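Colleague: here is the input, now give the coordinates:
(4 chains)
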Protein chains: 4
Amino acid sequence: MPESHVQSRSSSSFADAARGVVAMAHFAGERHWVPATSGNFSVRIDGRLAAVTASGADKARLTEGEVIEAEISGPKHPRASAEAPLHLARYAADAAVGAVAHIHTLPATVLSRRHEAAGVLRLEGWELLKAFSGIQTHETALDVPIVPNDQDTDRLAALVEERLKVSGPAYGYLIAGHGLYVWGASAKDAIRHMEAFDFLLTAQLHEEAAR
Amino acid sequence: MPESHVQSRSSSSFADAARGVVAMAHFAGERHWVPATSGNFSVRIDGRLAAVTASGADKARLTEGEVIEAEISGPKHPRASAEAPLHLARYAADAAVGAVAHIHTLPATVLSRRHEAAGVLRLEGWELLKAFSGIQTHETALDVPIVPNDQDTDRLAALVEERLKVSGPAYGYLIAGHGLYVWGASAKDAIRHMEAFDFLLTAQLHEEAAR
Amino acid sequence: MPESHVQSRSSSSFADAARGVVAMAHFAGERHWVPATSGNFSVRIDGRLAAVTASGADKARLTEGEVIEAEISGPKHPRASAEAPLHLARYAADAAVGAVAHIHTLPATVLSRRHEAAGVLRLEGWELLKAFSGIQTHETALDVPIVPNDQDTDRLAALVEERLKVSGPAYGYLIAGHGLYVWGASAKDAIRHMEAFDFLLTAQLHEEAAR
Amino acid sequence: MPESHVQSRSSSSFADAARGVVAMAHFAGERHWVPATSGNFSVRIDGRLAAVTASGADKARLTEGEVIEAEISGPKHPRASAEAPLHLARYAADAAVGAVAHIHTLPATVLSRRHEAAGVLRLEGWELLKAFSGIQTHETALDVPIVPNDQDTDRLAALVEERLKVSGPAYGYLIAGHGLYVWGASAKDAIRHMEAFDFLLTAQLHEEAAR
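Modeller: Have a look, this model is predicted:
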């Protein structure tokens, strides 16, 4: 991702935000994290608006014309994807969230289902936890919330935000049998967090296989 | 795959259909799903004809000159591959089938053999089931038929079509120790379905490894 | 691999053979089958000569200048790699061998060591066995010989050729903890056979993991 | 990596060394061994200086402007990464070390944690051990030291160097739950050693899975 394509949240116009959305989508597409046109991406424009991928786009080949401007707390945009509420709820709940990515990595999908009953997956002791903004040591236990899947995404978003209010600091959550939501202060941070989750969840999958 | 290379079935000429065949083949080739010149691809032209990969072509590097025009219910084309009957039987049996892909993915090959005795592999509860046209919720159980392998592809095609008549809605089937057949209304849909099956079968392989 | 780079054995000059060697090396390099400058490749020129990769070359970036002309039964070429005798012994023993590849795929290395005591790895019932020239049905059991590793490659070549005399038809053999030798009538066939072995050995690795 | 980008240690200027650092970083980046901006790389310039990646750079897209000139035994460079002491301690301890790479491969991370209590991971009997400079036969047991992770990298570097003084010849070491340090006489050798460790540790992971 060219650095110039990513802007800090405070100075973002729609065009800047759309470029951040495309950068996240292409990064995820190259890794095969948005199979079968799944996944979606967004970047906050300001306190009221966010740039979000339109419904039906092939994220691996996303163009800026397939990014729409959605109101964070307003009525649904006609071209918004069914999962837009899960993005917008994050912006509404936490002013520090500048970009959100939803991806379908294989370990996220497999582990989310395996640990659904526990409601949480703990990632602990790995150096790469330091890739998350604000984590300074591997001596950290990151509890990643897991929520049950639900086709009613307004209801699902409400459940997620309830969970995040009582959990410790979070960089993402899992939807069981579905995939991963991950965020950061900017598209650049969200990309780094996607890559960190993919590495850590793959390591976790291997570690569980050896038990 | 450029959008312009894929046409809806009703307006397809041979040239359009051949471009769809090449798009499917290259997509599969990039993923290493047609190892050792295996695999084959077709797109329906109309009620009578389909464009099909010729015998012996390297699908990962397929050119439009290696695509032939075959009669769905007529005599065998001299350059048709041995597996052409499995494609043509799908077009004859179901007017909604616009494109067919045959690929050799690793999880398809391994799981088809492991579950051969059961005759079916159930994929259930995964969000990515929604990538199949017409599936609206993850609360779905998709039974993928598994048939024994057979070098007599006319006999195999007849067995497959018998199985598909009595199964629920299907987007593909497995041939034990061999690979996957998958279809859709268009080349674009068949590509999305290929990618969905690859993801779901890989997830299934990991889930079975943890049992 | 462009078709024009591969010639049938009877008409090969050194330049043609060297192009075949480079095509095999690049194909293997793209798949990461020649890690850490390992692996080597050869194409027969005629009954007396073969084009072979020189010692020390990085096969993934091989150039034609790094291919030498070696005598099949003559004295060692000063730039020949230590493993050249294993290539040349194949040409001396079997006039149908037109190209030889030596690669270090992960499943070949792991399975060769796991089954070393048995001296053989049986691949049976897979459709992709038909990728080997002359195999017409999946109802085939291919016994791949496994020999112990040995740094004395003249002694190792003699042992291999003894084993191949008494084994059934073979397309390759494994050296325990080391890797795979594979051949065909041409560079094109050897490439197809490499890809077939990689697929089949990976499938075998998954099948054994589920036992 | 173009050959011309890598120079033997004795003739390296800063520019040559920086090119070697970039070549290592790009090689590792293409393999996804530096996820989430992790990893770092260095090349010795002479007995007093080394070229080292600056803090915060995305190694997969490293430019020469992100490489700094650090004193091996002097005060910390203001742009040096927190892990620079682990590189510099290697140059100070062993005049034969010309380049150092730190990568986060998946098998290194998983196996380092699994075998932390033993303090060592033995790699034994694999042909690819010969990829390490000076190893002439597969009949070799290479004991790779494992040290506990520590955010105090000066203390960690001291512990590592103590361990390396009493271990046999080493080409790298593991930090538990963290990753791999690997070195060689030149950037070219360090790249070959990275690739060898990745192959051997992946093979080891598969071998342990079958126990």
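Colleague: give me the number of residues near the nearest residue to A:Arg48 once chain neighbours are set aside?
Modeller: Spatial nearest neighbour of A:Arg48, excluding adjacent residues (CB to CB, 6 or more residues apart in numbering or on different chains): A:Ile72 at 6.0 Å. Yep, even glycine has a C-beta here, placed from its N, CA and C like the rest. Using other CB atoms under 10 Å in any protein chain shown, A:Ile72 has 20 other residues around it.
Colleague: surely A:Ile72 and A:Ala51 touch.
Modeller: No - assessed by CB atoms under 8 Å, A:Ile72 is found out of contact with A:Ala51, at 11.2 Å.
Colleague: if we can go back for a sec, look up how far chain C lies from the residue nearest to A:Arg48.
Modeller: Using CB to the nearest CB, to the nearest Å, A:Ile72 is found at 45 Å from chain C.
Colleague: wait, what's in contact with the residue of chain A found nearest chain C?
Modeller: Nearest to chain C, among the residues of chain A, is A:Ala209, at 9.2 Å (CB to the nearest CB). Listed by CB atoms under 8 Å, 6 or more residues apart in numbering or on different chains, the contact set of A:Ala209 reads B:Ala209, B:Ala210, D:Ala209.
Colleague: can you add pLDDT and secondary structure and give these back as TSV?
Modeller: Formatted as TSV, the contacts of A:Ala209 follow (pLDDT from 0 to 100; DSSP: H, G, I helix; E, B strand; the rest coil):
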residue	pLDDT	secondary structure
B:Ala209	87	helix
B:Ala210	82	coil
D:Ala209	87	helix
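Colleague: closest to D:Phe41 out of these?
Modeller: Nearest to D:Phe41 among those, counting by CB to CB, is D:Ala209 at 30.6 Å.
Colleague: how far away is the closest one from B:Val182?
Modeller: Distance, D:Ala209 to B:Val182, using CB to CB, to the nearest Å: 30 Å.
Colleague: and A:Gly65, by the same measure?
Modeller: Distance from A:Gly65 to B:Val182, by CB to CB: 30 Å.
Colleague: so which of these two has more stuff around it?
Modeller: B:Val182 (30 against 10).
Colleague: tell me the residues of chain A that contact chain B?
Modeller: For chain A, the residues in contact with chain B (CB under 8 Å from any CB of the partner chain) are A:35-38, A:104, A:106-107, A:109-110, A:113-114, A:149, A:151, A:175, A:177-179, A:205, A:208-209.
Colleague: just the buried ones from the residues you listed, in PyMOL syntax?
Modeller: A single PyMOL command selects the buried members of these (16 or more other CB atoms under 10 Å in any protein chain shown):
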select buried, chain A and resi 35+36+37+38+104+106+107+109+110+113+114+149+175+177+178+179+205
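Colleague: my understanding was that A:Gly125 contacts D:Ser112; is that so?
Modeller: No - look at A:Gly125 against D:Ser112 with CB under 8 Å: they stay out of range, at 11.2 Å.
Colleague: more neighbours, the two?
Modeller: D:Ser112 (25 against 17).
Colleague: give me the common contacts of A:Gly125 and D:Ser112.
Modeller: Counting by CB under 8 Å, 6+ apart, the shared contacts of A:Gly125 and D:Ser112 are D:Gly177.
Colleague: show the end-to-end separation of stretch A:120-139, please.
Modeller: Across stretch A:120-139, the terminal residues are separated by 19 Å (CA to CA, to the nearest Å).
Colleague: check stretch A:94-114 too.
Modeller: OK, stretch A:94-114 end separation, CA to CA: 29 Å.
Colleague: near chain C, anything from it?
Modeller: No - using CB under 8 Å from any CB, stretch A:94-114 never reaches chain C; the gap is at least 14.7 Å.
Colleague: any part of that stretch near chain D?
Modeller: No - legend: contact between stretch A:94-114 and chain D by CB under 8 Å from any CB is lacking; minimum distance shown is 10.7 Å.
Colleague: for the residue nearest to A:Arg48, what are its contacts?
Modeller: A:Arg44, A:Gly47, A:Arg48, A:Leu49, A:Ala50, A:Leu88, A:Tyr91, A:Ala92.
Colleague: in ChimeraX, select just the buried ones from those.
Modeller: Buried members of those, defined by 16+ other CB under 10 Å, are picked up in ChimeraX with:
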select /A:44,49,50,88,91,92
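Colleague: and the contacts of A:Ile72, which of them are in helices?
Modeller: In helices, defined here by DSSP state H, the members of those are A:Leu88, A:Tyr91, A:Ala92.
Colleague: closest one to chain D out of the residues you listed, please.
Modeller: A:Tyr91 (23.1 Å).
Colleague: per-residue confidence at the closest one?
Modeller: For A:Tyr91, the pLDDT comes out at 98.
Colleague: so what's it closest to, chain neighbours aside?
Modeller: Per CB to CB, 6+ apart, closest to A:Tyr91 is A:Ile72, 4.7 Å.
Colleague: next: A:Trp33.
Modeller: A:Trp33 sits nearest to A:Ile103 (CB to CB, 6+ apart), 4.1 Å away.
Colleague: okay, and A:Ile135 sits in which element?
Modeller: Here A:Ile135, judged by DSSP states H and E, is contained in no helix and no strand.
Colleague: how about the one 10 residues further on?
Modeller: Remark: A:Pro145 resides in strand A:141-147, with elements defined by DSSP H and E.
Colleague: so that strand, near chain D or not?
Modeller: No - contact between strand A:141-147 and chain D is absent, the nearest approach being 12.7 Å (criterion: CB under 8 Å from any CB).
Colleague: that strand - what's its average pLDDT?
Modeller: Averaged over strand A:141-147, pLDDT sits at 97.
Colleague: likewise stretch A:65-80?
Modeller: Mean per-residue pLDDT for stretch A:65-80: 93.
Colleague: and stretch A:42-62, by the same measure?
Modeller: The pLDDT scores in stretch A:42-62 average 94.
Colleague: do me a favour and get the end-to-end distance for it?
Modeller: 12 Å.
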